[in-house]
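> Predicted structure and sequence below. I'll ask about it afterward.
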Amino acid sequence: MECLDHHGNSIPIDTAQSTSFIKSIGLRVKNIGSLEHSGSNLGSVVFAESFLDSRLIVANPDERKSFDTQHLIITSRIPRYITWAGDIQKEAQSEVVQAFTKGSLPFGKVLVDGETALILGSSKLSAVHEGTMYICERGIIFNQARHGVVVFPKSHFEDLQFYDGESSGSTGILVVTYRRSLCHYLPTECHNAEDMVMFAFSPRTKIRKAFYSDVLSPWQNSSEAPPLKLVDKVPDYYAATYNELQLKYDTDYKLKAASKPLHTAMAHLPELERFVDHFSASSVCQSPIPYTDLPAVLRQSVSHEAAPETNGESSQSNTEVVITIVTGVPGSHKDNLCKILTNMAKEQSRWVTLKPPLDSTEGFTAESVQSSLTKVIAATKKKGIRAAIGGRKKMRVLVVVPGYADTVQVVHAITSHPDPDVAKQIRIGAVTACVDPRNTFMVNRMTQPRLLDQCMQGWVNNVLFTSSASGPDRDLQVTQELIRRVNPQVAFILANNGEITRSGDIEMILSETAFMTPDLVRARHLITPGWWLGAMSSLSMYPSLHEVCIKFYQPLEKNKLMAKLRNLKTSLCARPMKGNIYCIRGRTKFTDSDQLMEVQYVTLSQHLNLTAALESPSARPPAPTSPKHPQPPGSAATNGSSVMNGPNGDNNGVGYCFVFTGCELKETDLKEWLRACAKQKPVKKELRTKATMSKQELQKLQTKHHLEPLPQGWFYNGHQYVSLGGDRSNQHPEMDKFISDYLETVNAAVKLYNNKVDNEEFVDLFQNVH
């Protein structure tokens with residue numbers, strides 16, 4: 001046995017490992033001796049097969065690993081046995097045919113006079129051959145190139161069966177069961193253990209039409225045995241061959257030029273379709289596959305007994321909690337979608353929403369969601385809870401994935417819950433990714449980090465587009481085309497700002513079984529091998545985005561904040577992206593109102609959302625004492641504290657905070673940005689001097705005092721001030737006195753203002769006075 005690479009070169013075979021290369025195995029028998037002539041050799045015999053093999057590692061429930069293997073013999077369509085008649089002359093063949101079809105007609109009237117048909121004897125040793133068929137009242141004559149004329153007298157028939165398929169496009173076959181005595185007169189290729197031979201009539205051919213019109217009725221009504229029987233099933237011996245013929249016809253005639261090479265190959269290798277499913281899995285998946293998922297990976301039908309609990313509707317009664325996962329990058333309106341879902345479905349279900357606190361920048365941790373799910377399951381078992389819901393409402397959990405978290409990590413955290421009792425009672429129903437087409441591309445066609453990963457095939461059921469849904473939009477079209485290439489099977493839903501209204505959309509998002517459909521199970525194992533073992537590595541984000549939380553204690557001025565938000569998009573830099581802010585969320589009060597407000601602003605889409613917030617703070621787990629460092633939103637946190645479903649953070653009950661999402665953000669710069677949105681500290685005014693007076697002020701003083709009494713020795717001639725000494729001036733002679741009086745009055749007001757500033761205590765935005 002040898003292994004061949006794609007260029008036909010022989011390479012070593014490692015029997016301990018599976019390889020995807022073609023293998024060839026052969027048997028050579030040399031120097032075959034002659035029984036008749038001692039000492040002479042007849043020659044040698046060589047037999048070889050080429051095949052592909054495929055192997056999958058299967059993880060069994062008892063933690064024992066086994067192998068699921070399949071193979072495809074590429075050369076299986078080459079006939080194992082081929083014979084030729086010694087000397088065949090066309091003239092002799094023609095004479096034999098005419099002897100049966102002309103003149104005395106030993107087989108009676110000719111019903112079909114020389115039409116093309118197919119013949120097969122042994123399905124294992126030979127192949128289907130084409131020839132010319134003559135059908136008479138009492139026999140069949142078949143003329144083919146290799147064996148000449150073969151005669152089938154009806155008197156040697158034991159049984160006659162005709163199968164015409166399910167439609168006019170099906171291949172018709174005539175199966176003859178002959179007596180064993182006829183074997184001596186038939187070619188070796190027609191011999192088989194069943195003593196049968198099959199004649200096939202392709203759809204829409206002359207012989208098929210002639211058989212219906214000229215043969216079917218006479219043979220059915222013939223007094224000679226055996227009568228022709230119409231059967232509704234192909235004999236088992238020829239069932240595989242018949243399927244091959246039908247597939248070949250569909251490929252050659254129906255598909256024609258549009259036929260794909262793989263379909264053409266399947267017509268000659270029917271086992272190829274089954275093998276390709278296995279081979280496509282083994283070629284990319286070197287990690288073990290759970291025993292329960294193996295039928296889905298191999299696209300095999302699953303019996304009710306063998307079906308995994310998570311795949312069937314019958315398992316719903318055993319599963320108490322269905323989990324709906326909502327993902328999306330910051331600014332995708334996933335929080336608004338969750339509010340609408342829980343409000344719409346609260347009549348039928350009791351909802352628990354797991355999401356990070358508003359001021360959390362710690363990202364996703366498996367421990368946090370697992371701890372929260374443990375508490376949810378424990379709560380469902382309490383009698384008080386069951387009494388409160390009247391035993392009618394079903395518990396549902398809505399998981400809002402934070403920031404740029406990897407959906408694969410979230411799913412693995414849920415499905416690999418360390419408590420077996422909890423793991424049996426939770427099940428992921430569906431995953432929906434929220435995408436805002438106007439918040440998709442950061443620069444040109446560079447998408448937000450992990451946005452396409454959140455829409456990856458096998459990991460998401462629905463993509464909800466949360467903007468541009470009202471009519472034709474270029475951003476929506478481009479985004480849909482991009483995601484469709486990433487995930488051809490995902491469902492698209494349109495809902496501006498996540499405000500879904502159609503019942504069909506709600507049913508898809510809240511589905512209890514969509515995530516465990518076989519196609520998605522297969523895609524998950526092929527795209528992310530070993531994910532269920534935690535063997536996946538999260539790819540680094542580019543650009544690297546971080547979240548920084550800034551807490552403050554004084555209200556902001558609304559008009560200043562709005563102006564700063566509007567300027568964010570114009571301040572974005574394509575290269576480098578340092579300092580770019582892409583999303584802001586938080587809570588604050590404004591100076592013109594006592595209402596606490598939640599604020600979210602998305603820079604790329606320029607979407608602003610202001611909603612009233614609940615001011616009552618809740619208790620939250622104590623923060624870790626170690627200093628925190630900014631980390632990518634949604635990435636794994638460095639500590640194990642729970643952030644899922646936690647309350648919004650606050651300090652001394654105030655709870656003002658803004659969380660900035662961007663590239664290489666500095667806390668000092670963000671604080672200055674926020675200070676510009678608040679009431680500014682008053683600045684003391686400087687005392688005025690003549691040098692600091694403007695021309696307008698001087699002119700105003702001149703106009704005000706130009707008619708004041710003149711000092712002795714001065715007079716006004718209507719244009720200028722003139723002294724008796726001949727001096728002339730455009731200003732009043734006592735202008736310096738007027739300026740001095742003016743400055744004294746103005747500086748008195750400045751001193752009063754400065755004294756007020758000195759006596760008034762200013763509270764900085766980040767100063768806690770409580």
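That came through, no problem.
> Which residue lies nearest the spatial centre of the chain?
The centroid of the chain falls nearest to residue 457 when counting by C-alpha atoms, centre = their mean (2.2 Å).
> Not counting sequence-adjacent ones, nearest residue to it?
residue 487 (4.4 Å; C-beta to C-beta, 6 or more residues apart in numbering). Glycine gets a C-beta too; all of them are placed from N, C-alpha and C.
> Quick check, that neighbour in contact with residue 456.
Yes. If you go by C-beta atoms under 8 Å, residue 487 and residue 456 touch, sitting 6.5 Å apart.
> Quick check: closest non-adjacent residue to residue 355.
residue 400 (3.6 Å).
> In the sheet, which residues pair with the one you found? Tell me.
residue 326 (DSSP bridges).
> Check residue 394 too.
Applying DSSP bridges to residue 394 gives these bridge partners: residue 349.
> how about the helix or strand containing residue 32 as PDB, C-alpha atoms only?
Using DSSP states H and E, residue 32 falls within strand 22-33. Output of strand 22-33 as PDB, limited to C-alpha atoms (Å, rounded to 0.1, in the frame of the first residue of the first chain):
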ATOM      1  CA  ILE A  22      -5.200   9.300  -1.900                       C
ATOM      2  CA  LYS A  23      -4.000   5.800  -1.100                       C
ATOM      3  CA  SER A  24      -3.400   2.900  -3.400                       C
ATOM      4  CA  ILE A  25      -3.300  -0.800  -2.500                       C
ATOM      5  CA  GLY A  26      -2.400  -3.500  -4.900                       C
ATOM      6  CA  LEU A  27      -2.000  -7.300  -5.300                       C
ATOM      7  CA  ARG A  28       0.600  -8.700  -7.800                       C
ATOM      8  CA  VAL A  29       0.800 -12.300  -8.700                       C
ATOM      9  CA  LYS A  30       3.900 -13.000 -10.800                       C
ATOM     10  CA  ASN A  31       5.100 -16.000 -12.800                       C
ATOM     11  CA  ILE A  32       1.900 -17.900 -12.900                       C
ATOM     12  CA  GLY A  33       2.800 -21.400 -14.000                       C
END
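> Quick one: list the elements packing against it.
In terms of contacts (3 or more C-beta pairs under 8 Å, 6 or more residues apart in numbering; DSSP states H and E), strand 22-33 is packed against strand 2-4, strand 41-59.
> Now tell me what touches it from outside.
Applying C-beta atoms under 8 Å, 6 or more residues apart in numbering, the external contacts of strand 22-33 come out as 1-4, 13, 40-53, 74.
> 10 Å - rerun?
Residues from elsewhere that reach strand 22-33 (C-beta atoms under 10 Å, 6 or more residues apart in numbering): 1-6, 8, 10, 13, 39-53, 71-75.
> For the buried ones among those, write the corresponding ChimeraX selection.
Selecting only the buried entries of the contacts of strand 22-33 in ChimeraX, with 16 or more other C-beta atoms under 10 Å as the criterion:
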select :50,51,52,53,72,74
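> Tell me how far the helix ranked longest in the chain lies from the chain's centre.
Ranked by residue count and defined by DSSP state H, the top helix of the chain is helix 735-759. Relative to its chain's centre, helix 735-759 lies at 73 Å (C-alpha atoms, centre = their mean, to the nearest Å).
> now swap in stretch 599-609 and tell me
27 Å.
> re the thing from before, quick one: common contacting residues for residue 487 and residue 456?
In contact with both residue 487 and residue 456: 433, 523, using C-beta under 10 Å, 6+ apart.
> List the contacts of residue 120.
Contacts of residue 120 by C-beta under 10 Å, 6+ apart are 126-129, 173, 175, 189-190, 192, 196-200, 238, 241-242, 245.
> cutoff 8 Å now
By C-beta under 8 Å, 6+ apart, residue 120 lies in contact with 126, 127, 128, 129, 197, 198, 200, 238, 241.
> wait, isn't the second one in contact with residue 79?
Spelled out, that is residue 127. Yes. Counting by C-beta under 8 Å, residue 127 does reach residue 79; the two are 4.3 Å apart.
> sorry, back to before: and residue 601, which of the helices and strands packed on strand 22-33 is closest to it?
strand 41-59 (47.4 Å; C-beta to C-beta).
> immediately after the closest one, which helix or strand?
With DSSP H and E, the next secondary element past strand 41-59 is strand 65-73.
> what's that following strand packed up against?
Using 3+ C-beta pairs under 8 Å, 6+ apart, strand 65-73 sits against strand 41-59, helix 271-282.
> and of the ones you listed, who's closest to residue 514?
Nearest to residue 514 among the helices and strands packed on strand 65-73 is helix 271-282 (22.0 Å), distances taken as C-beta to C-beta.
> buried ones in the closest one?
272, 275, 276, 277, 278, 279, 280, 281, 282.
> Distance of residue 158 relative to residue 323?
65 Å (C-beta to C-beta, to the nearest Å).
> Also residue 678?
Distance of residue 678 to residue 323, computed by C-beta to C-beta: 42 Å.
> Of these two, give the one with the bigger neighbour count.
Neighbour tally, residue 678 and residue 323, criterion other C-beta atoms under 10 Å: the higher count belongs to residue 323, 26 against 20.
> Which of residue 127 and residue 79 has more residues huddled nearby?
Taking neighbours as other C-beta under 10 Å, residue 127 and residue 79 compare with residue 127 leading, 17 against 14.
> OK, contacts around the more buried one?
Here residue 127 is in contact with 77, 79, 120 (C-beta under 8 Å, 6+ apart).
> how about the helices of the stretch 151-300 of the chain, start to end?
Along the stretch 151-300 of the chain, the stretches classed as helices by DSSP state H, counting those that start in this stretch are 206-210, 216-220, 236-249, 261-268, 271-282, 294-297.
> Can you say which of the ones you listed is nearest to residue 379?
helix 294-297 (32.7 Å).
> and the closest one, how far from the chain's centre?
Per C-alpha atoms, centre = their mean, the displacement of helix 294-297 from the mean C-alpha position of its chain is 18 Å.
> Could you do stretch 600-613 as well?
28 Å.
> swap in stretch 517-531?
10 Å.
> Quick one: mean pLDDT for that stretch?
Over the span of stretch 517-531, the pLDDT mean works out to 93.
> ok, now stretch 760-770?
Stretch 760-770 comes out at a mean pLDDT of 78.
> Any buried residues in that stretch, and which?
Buried residues in stretch 760-770, counted by 16+ other C-beta under 10 Å: residue 765.
> mind exporting that stretch as PDB, just the C-alpha atoms?
Backbone C-alpha positions of stretch 760-770 (Å, rounded to 0.1, in the frame of the first residue of the first chain) are rendered in PDB as follows:
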ATOM      1  CA  GLU A 760     -18.300  81.800  46.700                       C
ATOM      2  CA  GLU A 761     -17.200  78.100  47.000                       C
ATOM      3  CA  PHE A 762     -16.900  76.300  43.600                       C
ATOM      4  CA  VAL A 763     -17.500  72.600  43.500                       C
ATOM      5  CA  ASP A 764     -15.600  70.700  40.800                       C
ATOM      6  CA  LEU A 765     -17.400  68.200  38.600                       C
ATOM      7  CA  PHE A 766     -15.400  65.400  40.200                       C
ATOM      8  CA  GLN A 767     -15.600  66.600  43.800                       C
ATOM      9  CA  ASN A 768     -18.000  64.700  46.000                       C
ATOM     10  CA  VAL A 769     -19.500  67.100  48.600                       C
ATOM     11  CA  HIS A 770     -21.800  64.600  50.200                       C
END
